[in-house]
Every structure is written in C-alpha cells, then in structure tokens.
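Colleague: Mind looking at a prediction? Sequence and model below.
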Amino acid sequence: MVVLQQPTQSLPDLSLPKTPSSLPNLYLCFFYYIIARMLKIILRAIFSALRSHRALALENLALRDQLNILQRHTKKPRFQNRDRRLWIILARIWNDWRRSLTLVQPETVIRWHKKGFRYYWRWKSRPRWLRRPKIPKDLRELIRKIWRENPLWGAPRIHGELLKLGIEVSQATVSKYMVCHRKPPSQSRRTFLKNHAQDIISVDFFTVPTATFRVIHVFLILLNNRREIAHFNVTDSPSAFWTGQQIIETFPWDTAPRYLLRDRDKKYGDEFVNRVESIGIKQVLISAQSPWQNPYVERIIGSIRRECLDHVIIFNEKHLRRVLNAYFRYYHASRTHLGLEKDCPKPRPVEPIDLGPVHFESMVGGLHHRHYRQAA
C-alpha cells in the first residue's frame, strides 16, 4: 500500500528582516517631525513679529509676575493683593490675558474683580460728613466698665461721675460708647447672690469608705456668705429625723437663716421638712441631677476629698471626725479662697514684712502648712 504525503504549507515569516531595509523609512519620519517643529517655531516667530509692542510687553509682564509667585512659594503658589490687582488690570486692558494665565483659572480673576468692585463702592459710599474724633481706648473701656458695674445708671449719671474724676467729655460721647441692651438693665446673678448670701445656707451629704469597707455619711451645713462650715456630723445610717436635728442644733432660737438650698435626696424626708419649716427656714430645691445649682457646698466637698480624704485611710467614725476637725481648722483660718478675694472664711490679717522672718506650722498631719511671720 502506497501512502501519499500531502504537501505541508509553510507559515509566513513574521520576523523582522535581518537587512536594514526599513531604516530609511524611520529616518524619513524623523526628518518630517523635525521639519514640522521648525515650521511651528517659524510660524510662531512670524506671529510674534506681527504682534504689537504693547501686547508683547503685557505678556512679558504677566509671565514675569507668575514667575515671581513661583519663586516666592515653592510648594503652593499664592497670590498676594498686589498680584490680584495686577491681573484685574490686565483683564481690563488686554484681550489675550487668558492665554498667559497658568497658575489659576480665569474665573478666579473675574471673582477678584467682582470683590474689588464691592470694596470700591463700599469706599465710594462712605459718609462724607465730619465725624467726632475718637476718644482714647482706655477712656472708652472706663465708660463701659462704669456702666457694667452700675447697670441702673444712664448717660447723664455716668457723665457726672466722669466729671468728678476730672475727665472732660461730652454726654453724647458717653451715650455713644455705652453698651446698649434691648431689655431693661438688671443686676447680675452674681450680684443678687452676693447681696443675699448671708441669708442662704447650703446642705449636702457625701460618703466616705472606711478601711473595713463600711460607708460613713457626712452631713455639711455651709454658710454661703463666707464659705464657712457652720456644722458637720457623721453617721452610718442617716435619717430625716437625724438630719433635721442637725439643723436645730446649728441654728437655735432666732439665728436661723431665711433660705436653705438642698438637693432632692430621700434623706430629707417629711420629718426634716417639718422641723426646718418650724424654725422659719424656707427650702429651695435644686433641679434633679443638677449639682451645679448648689455650687458652693459641692465645691467644698470636692476640696475636702482632694486636699484631705484622698490622702488618708479612715478607720471609723471617731477617726473621721478627728481628721475633718483638723482639716476644717486649716480651712477656716489658713486656707485662702478666690471667691473671698484670696482671704480665709475667718478673716486672716496681713502681716507686714518688718514683723519678722517667715515660719511655717504643719497642719492636717503634714498635708498642709500655715505660713506666718514672727520676730526672731
């Protein structure tokens, strides 16, 4: 049997020719590119030669300004006011200003122009009449300070006070620099509380854990006018009767204040309310969960914790009374208060320098010290 072989078809050769026959085509393309670039440069030069000297000078000015901006700010170019004014002027006198602008958009220059237009008409519309000369700044502050400290005074009263101080100024000027309010003037809340502080007491409880994990309750009665602790007592089981008895013992006979400020704790039950009202004290209850409405006693409780109880371990009620008595002796006679113009609840006299050198006395077991002068 004879097997016939079919003729095999050869695949086309796709490889690059080994002979450099395509090099002339590459050289021809490169030659055309060079010719096109040269023609473009020549046409641009001819176009520039046909332009006026004025257009060339404006383009040179625009390019130089942008170059200066790039030299001033390497990371991000920022236009200053003089640069903005320059481009606003170029946009008005030069038609081709957009073609030379590269750092910002043309809309930005238009926005600068609109903003400058508003500033111009604001300056143009300013009042032309003569104004009164401004008085010195310290005198303006003095007028406002007198008005704030005396809100019921008017301009004539303040003007008279300034005349008594040797300050010659017109009453119209005083009216001009007074702070005006829509509602009628009234005393501040601080002034109201200061005027009635001697008739207000604040009461509150706080707890102290002992070394054996018992919880002792401390009851405080505070006189608001001098931040003085009128009475305190400790117990492990407070009741309404016990709490009311503390008020009776603190203010016997006719020494009771007019108002009592407290929270809504259940320790102040009906027996406490009845005993307090029986001696003529009116109770003022703060809002629920609003300790900031009873700030004086809350601040003193915080001071007791930070300055005393956080540094000792309490064993029992007797130990707690002894520690609190030591702290309250320091608190009343030695510790200065910002709210009392840096004086103590029991006024502390100023000791002159010539009285002697400074000595110190350890208080509250060494937690605090009292400094005083004494002759050697």
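Modeller: Cool, got the structure. Numbering: from 1, shown residues only.
Colleague: Quick one: classify the residue nearest to Leu324 when sequence neighbours are not counted as helix, strand or coil.
Modeller: Take Leu324 and drop its neighbours on the chain: the residue closest to it by CB to CB, 6 or more residues apart in numbering is Phe232, 6.3 Å away. Backbone N, C-alpha and C define where each C-beta goes, glycine included. Counting by DSSP: H, G, I helix; E, B strand; the rest coil, the backbone at Phe232 sits in strand.
Colleague: separation between Phe232 and Phe206?
Modeller: Phe232 sits 10 Å away from Phe206, going by CB to CB, to the nearest Å.
Colleague: How confident was the prediction at Pro349?
Modeller: Listed pLDDT for Pro349 reads 88.
Colleague: cool, and Leu23?
Modeller: 58.
Colleague: just Arg157 next, same as before
Modeller: Reading off the model, Arg157 has pLDDT 86.
Colleague: Could you do the one 3 residues further on as well?
Modeller: In the prediction, the pLDDT value recorded for Gly160 is 87.
Colleague: Off-centre distance for the host helix or strand of it?
Modeller: Per DSSP states H and E, Gly160 falls inside helix 155-164. With CA atoms, centre = their mean, to the nearest Å as the basis, helix 155-164 stands 35 Å off its chain's centre.
Colleague: now could you export just the CA positions of stretch 141-157 as PDB?
Modeller: The C-alpha coordinates for stretch 141-157 follow below in PDB (Å, rounded to 0.1, in the frame of the first residue of the first chain):
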ATOM      1  CA  GLU A 141     -13.200 101.000  78.400                       C
ATOM      2  CA  LEU A 142     -13.700 103.100  81.500                       C
ATOM      3  CA  ILE A 143     -17.100 104.200  80.300                       C
ATOM      4  CA  ARG A 144     -18.200 100.600  79.600                       C
ATOM      5  CA  LYS A 145     -16.800  99.400  83.000                       C
ATOM      6  CA  ILE A 146     -18.700 102.100  84.900                       C
ATOM      7  CA  TRP A 147     -21.900 101.100  83.100                       C
ATOM      8  CA  ARG A 148     -21.400  97.400  83.700                       C
ATOM      9  CA  GLU A 149     -20.800  98.000  87.400                       C
ATOM     10  CA  ASN A 150     -23.800 100.300  87.600                       C
ATOM     11  CA  PRO A 151     -26.400  99.000  85.200                       C
ATOM     12  CA  LEU A 152     -29.100 101.300  86.500                       C
ATOM     13  CA  TRP A 153     -27.200 104.400  85.600                       C
ATOM     14  CA  GLY A 154     -27.800 106.400  82.500                       C
ATOM     15  CA  ALA A 155     -25.600 108.600  80.400                       C
ATOM     16  CA  PRO A 156     -26.100 111.700  82.500                       C
ATOM     17  CA  ARG A 157     -25.200 109.900  85.700                       C
END
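Colleague: Distance from it to the middle of the chain?
Modeller: The answer for stretch 141-157 is 27 Å, by CA atoms, centre = their mean.
Colleague: So which bits of it are buried?
Modeller: Leu142, Ile143, Ile146, Trp147, Trp153, Ala155 (16 or more other CB atoms under 10 Å).
Colleague: Could I get these in CSV, plus columns for secondary structure and distance to Leu324?
Modeller: Converted to CSV, the buried residues of stretch 141-157 look like this (DSSP: H, G, I helix; E, B strand; the rest coil; distance: CB to CB, whole Å):
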residue, secondary structure, distance to Leu324
Leu142, helix, 47
Ile143, helix, 49
Ile146, helix, 45
Trp147, helix, 46
Trp153, coil, 47
Ala155, helix, 54
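Colleague: closest to Gly166 among those?
Modeller: The nearest member of the buried residues of stretch 141-157 to Gly166, counting by CB to CB, is Leu142 at 12.1 Å.
Colleague: got the end-to-end distance for stretch 200-216?
Modeller: 27 Å (CA to CA, to the nearest Å).
Colleague: Could you point out the helix or strand that follows the helix or strand of the chain with the lowest mean pLDDT?
Modeller: When each helix and strand of the chain is scored by mean pLDDT, DSSP states H and E, helix 189-196 comes last, with a mean of 70. Going down the chain from helix 189-196, the next helix or strand is strand 200-209, by DSSP H and E.
Colleague: Which neighbouring elements make contact with the following helix or strand past that following strand?
Modeller: Later in the chain than strand 200-209, the nearest helix or strand by DSSP H and E is strand 215-223. Here strand 215-223 touches strand 200-209, strand 228-235, helix 240-250, helix 295-307, helix 317-333, going by 3 or more CB pairs under 8 Å, 6 or more residues apart in numbering; DSSP states H and E.
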